[in-house]
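**Q** turn this into a structure:
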Amino acid sequence: MSDVALPARSLLLIPGALALLAGLDAALMLLGLPAPVQITRISEVHGVLLVLGFVGTVVSLERAVAAARPAGYLAPAALGAGALALISPVPRSVSDPLLVLGTAALLGLYVVLWRRSADLAVLIQAAGAVLAVGAALLWWADLPVPQLIPWLSGFLILTIAGERLELARVVMMSPRTQSVLAATAVALAAGAPAALLWPGPGYVLLGGSLLAMTGWLAWHDVARRTVRSNGLPRYMAVCLLAGYGWLLVPATLWLLVGPVPAGRGYDAVVHAVMLGFVMSMIMAHAPVILPAVVRRPLPYTPWMYAPVVLLHASLLLRVAVGDARDVEYAVRAGGVLNIVAILGFIVIAVIAVVRGSRRSAGRTPS
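**A** Purely as a prediction, here's the structure:
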């Protein structure tokens, strides 16, 4: 019996995983609840840690694998190192430049991928990377996190929108249809700096473009068809369509209310994007992306639905009851259940990987 060794690049997932765990620990502190590690600094860097430290590391590692160039691993290495520095006692003069370096290296990866294939999907993802660089620079300049939310959200949304465009081409799609998505991507990317410089019209642009992009994704994504299938395709489709639904929260608030720098509206916007949209997308794509990175199968199991349902149900409790009606216990209960859902998915994924690896090893002749 033989087994395939984990590639060295798998080690780059460790800082991202630690960033996620530290971010969840900080979430408990921000909810006013006991946390395993009580370090005030972690709660202060909560948002940047999760977006650039966790998601940024994972996205850049996947892109580095796709680019197939050793230098490409600078992006996840720098972002991972920046994440570790954020949660350590070292000053931000160490962590912040690492985050800038990592996001700039991620942008460089998209340049490599663009030269390989001048594709609109790559261009949209590159626009997201530009916003990530901007967010890292503004964070280094000590701007408060609420002012960075359009930049961080834009990075995540455009990255995922570009990836979904690649898969949406499974069905016939006219150049005009693709140009509509390109226009909304340009508007969303422009909305982040506009919201910082001219909050009034900037947030209208941000909300309107996000609303248009959400409609495009929900209508044209192949998930609208695969949701009628079975197994992994249906599971992924459910996660994707539910995630698109949560984008309506920031789109509507930005369009009708404008900036929401604090309070319940801020909580609703941030977690609708980061949990309802991004975490749902991670749960959807994990069975596809993880095997490409670590060379281990992550077989689909119906148990994966459990954390997905818990994530969205608890987020609905948090936003629709806690934030909308200003009910503190609903915010706390929803927040705790959000964390349970994420940890539950990790446990299920690890078990599935171990079982899948054993099956693969059992079929491999010695």
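
**Q** low-confidence stretches in the stretch 1-150 of the chain?
**A** The stretch 1-150 of the chain contains residues with pLDDT under 70 at 1-5.

**Q** quick one: residues contacting the residue most central in space within the chain.
**A** The residue lying closest to the centre of the chain (Cα atoms, centre = their mean) is Val278, at 4.0 Å. Residues in contact with Val278 (Cβ atoms under 8 Å, 6 or more residues apart in numbering) are 55, 156, 160, 243. Where you see a C-beta, it was placed from the backbone N, CA and C, and this is true even at glycine.

**Q** for these, give me JSON lines that also has secondary structure and distance to Ala320.
**A** Output for the contacts of Val278, formatted as JSON lines (DSSP: H, G, I helix; E, B strand; the rest coil; distance: Cβ to Cβ, whole Å):
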{"residue": "Val55", "secondary structure": "helix", "distance to Ala320": "25"}
{"residue": "Leu156", "secondary structure": "helix", "distance to Ala320": "22"}
{"residue": "Ile160", "secondary structure": "helix", "distance to Ala320": "23"}
{"residue": "Gly243", "secondary structure": "helix", "distance to Ala320": "16"}
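
**Q** out of these, which is most surrounded?
**A** With neighbours defined as other Cβ atoms under 10 Å, the most crowded of those is Gly243; it has 29 neighbours.

**Q** helices of the stretch 101-250 of the chain, residue ranges please.
**A** Listed in chain order, the helices of the stretch 101-250 of the chain (DSSP state H, counting those that start in this stretch) span 120-140, 145-168, 175-197, 199-220, 223-226, 231-246, 248-256.

**Q** where's Leu137 relative to Ile342, distance?
**A** From Leu137 across to Ile342, the span is 29 Å (Cβ to Cβ, to the nearest Å).

**Q** is it true that Thr57 touches Leu18?
**A** No: counting by Cβ atoms under 8 Å, Leu18 is not a contact partner of Thr57; they are 9.8 Å apart.

**Q** shared neighbours, the two?
**A** When contacts are counted by Cβ under 8 Å, 6+ apart, Thr57 and Leu18 are jointly contacted by Ala83.

**Q** neighbour-wise, which of these two wins?
**A** Thr57 (30 against 18).
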